[in-house]
Structures are given as structure tokens and as C-alpha cells.
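Participant: whatever this is, show me its structure:
(one chain, ligands or ions: 1)
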Amino acid sequence: MTLMTLFDSSTFPSDLQPGEPVLVSSCLLGEVTTWDGKHDFVSELVELLERAEVEIIPICPEVLGGLPIPRPPAEPPAGNGFDVLDGKSPVLVVGDSPETGSDATEAFLSGAHQVVEMAQVRGVRYAWMNERSPSCGVLKSHSGGGLADGPGVASAALERAGVTVFPGQV
Ligand code: SF4
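Facilitator: Residues are numbered from 1 along each chain as shown. Prediction:
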């Protein structure tokens with residue numbers, strides 16, 4: 001499979017400028033930041049961004065929000081990141097850890113707001129985020145024991161701030 005079949009104009013813009021700052025979910029870059037202490041490295045994305053000579057700014061909203069690595073998984077019981085931003089749904093720890101049911105909303109919102117602030121300070125136009133994550137999902141995000149349509153909390157906040165958010169995996 002070639003790079004051209006993995007990303008197209010709907011997932012990789014043609015007007016990126018050399019040196020332009022872009023946000024990328026840190027786990028997509030190979031950083032060990034996922035809830036289960038792993039990464040989700042996508043070499044094709046990194047190669048395309050390097051070819052475009054952009055400035056890659058790694059971000060992990062959940063770690064920025066103060067959550068540890070590893071950490072118990074958490075997700076909204078219903079709805080997507082917009083619902084969390086609007087106070088319509090919390091983010092609750094799920095799974096079978098002693099923390100199950102505890103409220104992680106504040107950490108998720110804090111991380112999302114910090115990411116937006118970074119984007120605004122640096123004039124970021126584009127972000128690539130880890131699809132299906134309750135923070136970074138773009139088209140789908142974990143919710144209610146399954147997948148909801150719509151972004152996770154940080155991607156939703158970036159979209160509201162005017163950043164175009166692409167899924168980091170296609
Ligand atoms: S919050 Fe986003 S960047 Fe951090 S590990 Fe999860 S998907 Fe990756």
C-alpha cells in the first residue's frame with residue numbers, strides 16, 4: 001500500500017506551508033501516552049508531515065489534563081465530545097479498576113482547553129488526531145461502551161476553535 005492510498009485530499013490538505021505548526025496526537029507519533037501504556041504510531045502520517053516540512057507539535061490532551069500513563073480508560077456514558085463540552089455528559093472511568101465510575105470530566109476538559117490555547121497561540125490551522133479516542137477521535141469516539149458519531153472532547157474543542165481536524169489513521 002502506498003502513501004497516496006492511505007491519505008488523500010480529504011485527510012491531508014494540499015496547502016500546508018513549510019514551517020507551519022500543526023498539532024498531532026502524541027501517540028500517533030510513537031510516544032507512549034495511551035491509556036494502556038502503548039502508542040499508535042502511524043509511519044505514513046509522520047512521513048507525509050515530514051515531507052511537507054511542517055512543524056509537528058505533539059499533544060496528548062489526557063496527559064495535559066493531568067492523567068497518568070497508564071490510566072484506566074474513561075469515556076462519556078452517552079454522546080460525543082461536543083456533549084461533554086456543553087455539560088450534557090460527563091466523562092467517567094470505565095472498566096474494572098477500583099476507579100471505575102469516577103469522574104474524569106475535569107481532566108478531559110482541562111486537556112482540551114490547553115490544546116485549544118496552544119493552537120490559538122501558534123496559529124494552528126490543522127490537526128491530526130487519533131481516531132476513536134474519547135479525547136482525540138475525529139469521526140467516531142468511544143462512548144457508552146461503543147462508538148458515538150462525532151469527535152472526542154479535545155477534537156471537538158479544536159473544531160469549535162476553527163482548527164480543521166483530520167483522523168490520523170485512514
Ligand atoms: S489522549 Fe489522544 S494523544 Fe493522548 S494517548 Fe489518547 S489518543 Fe493519544
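
Participant: assign the most centrally placed residue in the chain to helix, strand or coil.
Facilitator: Using CA atoms, centre = their mean, the residue of the chain that lies closest to the mean C-alpha position is residue 136, 2.0 Å off. Classification of residue 136 using DSSP: H, G, I helix; E, B strand; the rest coil returns coil.

Participant: residue contacts, it?
Facilitator: The contact partners of residue 136, taken as CB atoms under 8 Å, 6 or more residues apart in numbering, are 25, 61, 129-130, 152, 154-155, 168. Heads up, the C-betas are built off the backbone N, CA and C, glycines and all.

Participant: phi, psi for residue 23 please.
Facilitator: phi -100, psi 140 (degrees, to the nearest 10).

Participant: separation between it and residue 77?
Facilitator: Distance of residue 23 to residue 77, given as CB to CB, to the nearest Å: 28 Å.

Participant: do residue 54 as well
Facilitator: Computed as CB to CB, the residue 54 to residue 77 distance reads 37 Å.

Participant: ok, now residue 100?
Facilitator: For residue 100, the distance to residue 77 - CB to CB - is 12 Å.

Participant: mind checking pLDDT for the residue lying farthest from the centre of the chain?
Facilitator: Residue farthest from the centre of the chain, counting by CA atoms, centre = their mean, is residue 98 at 25.8 Å. As predicted, residue 98 sits at a pLDDT of 95.
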